[in-house]
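Asks: Build me a model:
(chains A and B)
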Amino acid sequence: MTSNRLVQALVVGIGLGFAIIVTLFLVQQFQSPTPPEQIAESFFIETYTRDFSSAWDRVSEQDKIARTKDQYVSENPGATEQQALLLDQLAEWGQFQPLAVVSNIPQQAIVSARIRYPNSSHDRIEELISAAGNPNADGAALLEDLSQLYDLDLIQFVEGDVSFDFVLEDNEWRLAQHWGQGVTVLLEAAVSPGLPWDFSPLQTQFTALPGELVRATYLARNNSDETITAKAIHEVGPPSAVPYFQTIECFCFTEQTLEPGEEREMTLVFRIDFAAPGGLESIGNLYTFYSLDEFPSEG
Amino acid sequence: MNFTRFAISLFFVLSAFSNDLGCTSRSHQGTIEILISDHRDAIDDFSSFDVELSSIELHRAGEPIETGWLELQPLQPIVDLTKVIGENSVLAIRQAIPAGSYDAIRINASEVVGTLLNGEEVALESFSEVARQEIGLANGQTATLLVDLKVQSRHDHPGQGYMLVLGNVVRIP
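Replies: Presented below is the predicted three-dimensional model:
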């Protein structure tokens, strides 16, 4: 009798355990995922506050394969602790208003939202954020300065509508960044032997989606005590990639003059052709500055 | 067990889930508006700069690059870029289109002719450029895009004069 009861108890126990596991599985399966618009807001704030490590966690598995966390974080340097204080405050003054969630393909969605956020690239804010990057910065004092700018209505805001592409994975909405379709763009710089300039890109590598506008910055400095005018030549490689690299804005379109000791940021805006072939993995770009005397002659 | 009742219940459960996700069907419509502007660049060299828009197209997300385009007809086919500098713009498109997701815009111009301040006429090649732009358009919603067509001078480069390029495309409130 005792052994029968033991067997019965065992069977009931196993049955209950099985039922609990099945229930938990079903709950997980049918539980609504966090709405994509909520994830979009978190992702937007994380990138705005330069918390790129958390932002990476929200991207799709396909994207994570195309770009590891280490790669992503090294391409997008994060904020220091003091900078994060300022950026968090700026984010609190921002507004993120979801407009619509559209899905005409199963397991995919696009969230559009209206944003109004302080322009963190604007002169005075950028100065404070830059100062906060100093290891000896007084974060509390800088935060106070920022609040004063806000009280005096001196914070410039940017407004616009933004979209976020989502894919449903394991019952969770994740951002589809399409990094796998991205083309690696390498930027290099050189100066001719006779030109006393320093010249280099601030960032040497980009992952550009076909059709996406990318802005890059070069830094040039005249090390001589003379005013010098120079002009850059642009070379693209491999040759098969040339038709797919579209230059929208470039310092190389015009002559550049630097005063003695002057340092200047120079802008390059480009796009990889939307119809670039899938096999195109990387494009190299070399910009070489020549003084006007040395500039290679036509033909 | 009554299978019909089970199936009906399941239908309602699934419907509730799809409402949760805010899905819209293909038969719904939204409105697309496209404004053309010229960010100040070399346009000041011209007294007029006429771009004859043959069409503007939107690419449906997830469809092949070659075939997944929805063609829109411009409200006014000729845009003088000297009239749309800076904050100014012209409404090139206002059209009802299927709600859904789009990921690129293509601007096609059949003829591009500028008149320089000295009266000289400059004819550029026909123009067709694409910019990636994610657009989620819900039923009844209006999406407004601002397209920057830039005229650039590349006179410092041998053999190159003025060029028309498709600059930034942004969705505006």
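
Asks: Please count neighbours and contacts with C-alpha atoms only from this point.
Replies: Fine.

Asks: need the contact list for B:Ile172.
Replies: Applying Cα atoms under 8 Å, 6 or more residues apart in numbering or on different chains to B:Ile172 gives the contacts A:Glu159, A:Gly160, A:Asp161, B:Ala143, B:Thr144, B:Leu145, B:Leu146.

Asks: Excluding chain neighbours, what is closest to the one residue sitting closest to the centre of chain B?
Replies: A centroid search over chain B (Cα atoms, centre = their mean) returns B:Ile105, at 4.4 Å, as the residue closest to the centre. For B:Ile105, ignoring the flanking residues on the chain, the nearest one in space by Cα to Cα, 6 or more residues apart in numbering or on different chains is B:Leu58 at 4.6 Å.

Asks: residues near that neighbour, how many?
Replies: B:Leu58: 24 surrounding residues under other Cα atoms under 10 Å in any protein chain shown.

Asks: what do you get for B:Gln73?
Replies: Neighbours around B:Gln73, by other Cα under 10 Å: 15.

Asks: Just the element for the closest residue to A:Gly237 other than its chain neighbours, please.
Replies: Nearest non-adjacent residue to A:Gly237, counting by Cα to Cα, 6+ apart: A:Gly284, 5.1 Å away. For A:Gly284, the element it lies in under DSSP states H and E is strand A:282-291.

Asks: Show me what that strand packs onto, helices and strands only.
Replies: Here strand A:282-291 touches strand A:183-191, strand A:228-237, going by 3 or more Cα pairs under 8 Å, 6 or more residues apart in numbering or on different chains; DSSP states H and E.

Asks: residue ranges with poor pLDDT in chain B?
Replies: B:1-27, B:39-40, B:155-160 (pLDDT under 70).

Asks: Going along the chain, name the helices of it.
Replies: Listed in chain order, the helices of chain B (DSSP state H) span B:3-20.

Asks: top strand in it by residue count?
Replies: Secondary structure assigned by DSSP state E gives strand B:100-116 as the longest strand of chain B.

Asks: in its sheet, what does that strand sit against?
Replies: With DSSP bridges as the test, strand B:100-116 is paired with strand B:46-60 (antiparallel), strand B:121-124 (antiparallel), strand B:127-137 (antiparallel).

Asks: Flag every buried residue along it.
Replies: B:100-109, B:111-116 (16 or more other Cα atoms under 10 Å in any protein chain shown).

Asks: between those, which is closest to A:Gln38?
Replies: The closest of the buried residues of strand B:100-116 to A:Gln38 turns out to be B:Ser101 (Cα to Cα; 18.8 Å).

Asks: Number of residues surrounding the nearest residue to that closest one once chain neighbours are set aside?
Replies: By the measure of Cα to Cα, 6+ apart, the closest residue to B:Ser101 outside its immediate chain neighbours is B:Gly136, 4.6 Å from it. By other Cα under 10 Å, 29 other residues sit near B:Gly136.

Asks: Just to check, B:Gly136 is in contact with A:Val102?
Replies: Yes - look at B:Gly136 against A:Val102 with Cα atoms under 8 Å: they come within range, at 5.6 Å.

Asks: biggest strand in chain A, by residue count?
Replies: Max-length strand for chain A by DSSP E is strand A:157-169.

Asks: And for it, what's in contact with it?
Replies: Contacts of strand A:157-169 (Cα under 8 Å, 6+ apart): A:36, A:40, A:60, A:107-119, A:173-177, B:134-136, B:170-173.

Asks: Which SSE is immediately downstream of that strand?
Replies: strand A:172-175.

Asks: so how far is the longest strand of chain A off the chain centroid?
Replies: Put simply, strand A:157-169 sits 13 Å off its chain's centre (Cα atoms, centre = their mean, to the nearest Å).

Asks: Alpha carbons only: can I get stretch B:109-125 in CSV?
Replies: The C-alpha coordinates for stretch B:109-125 follow below in CSV (Å, rounded to 0.1, in the frame of the first residue of the first chain):
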residue,chain,number,x,y,z
ALA,B,109,14.3,64.3,-64.0
SER,B,110,14.2,64.2,-67.8
GLU,B,111,15.6,67.7,-68.4
VAL,B,112,17.8,70.0,-66.3
VAL,B,113,18.5,73.4,-67.6
GLY,B,114,20.0,76.4,-65.8
THR,B,115,20.5,80.0,-66.9
LEU,B,116,23.6,81.6,-65.4
LEU,B,117,23.5,85.2,-64.1
ASN,B,118,25.3,86.3,-67.3
GLY,B,119,22.6,84.8,-69.4
GLU,B,120,24.5,81.7,-70.5
GLU,B,121,22.5,78.5,-70.6
VAL,B,122,23.8,75.3,-69.0
ALA,B,123,22.1,72.0,-69.8
LEU,B,124,22.9,69.1,-67.5
GLU,B,125,22.3,65.4,-68.1
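
Asks: Mean neighbour count for the helices and strands packed on strand A:282-291 - can I get that in JSON lines?
Replies: Putting the helices and strands packed on strand A:282-291 into JSON lines (neighbours: other Cα atoms under 10 Å in any protein chain shown) gives the following:
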{"stretch": "strand A:183-191", "mean neighbour count": "19"}
{"stretch": "strand A:228-237", "mean neighbour count": "18"}
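
Asks: Just send the ones you listed back as a markdown table, with mean pLDDT too.
Replies: Below are the helices and strands packed on strand A:282-291 laid out as a markdown table (pLDDT from 0 to 100):
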| stretch | mean pLDDT |
| --- | --- |
| strand A:183-191 | 95 |
| strand A:228-237 | 93 |
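
Asks: Distance to A:Phe274 added to the ones you listed, as CSV?
Replies: Below are the helices and strands packed on strand A:282-291 laid out as CSV (distance: least, Cα to Cα, whole Å):
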stretch, distance to A:Phe274
strand A:183-191, 11
strand A:228-237, 18
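
Asks: Looking at those strands, which is nearest to B:Gly62?
Replies: strand A:183-191 (18.7 Å).

Asks: quick one on the thing from earlier: now the angle from the longest strand of chain A to strand B:100-116?
Replies: Using axes from the mean of the first three to the mean of the last three Cα atoms, to 10 degrees, the inter-axis angle of strand A:157-169 relative to strand B:100-116 is 140 degrees.

Asks: For strand A:157-169, output the C-alpha coordinates as CSV.
Replies: Extracted as CSV, the C-alpha positions of strand A:157-169 are listed here (Å, rounded to 0.1, in the frame of the first residue of the first chain):
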residue,chain,number,x,y,z
PHE,A,157,15.9,72.0,-30.3
VAL,A,158,15.8,69.8,-33.4
GLU,A,159,12.4,68.5,-34.6
GLY,A,160,11.6,65.8,-37.1
ASP,A,161,9.9,62.5,-37.9
VAL,A,162,12.0,59.4,-37.6
SER,A,163,11.4,55.8,-38.5
PHE,A,164,12.6,52.5,-37.0
ASP,A,165,12.6,49.2,-38.7
PHE,A,166,11.7,46.2,-36.5
VAL,A,167,11.7,42.4,-36.8
LEU,A,168,10.0,40.0,-34.4
GLU,A,169,12.5,37.4,-32.9
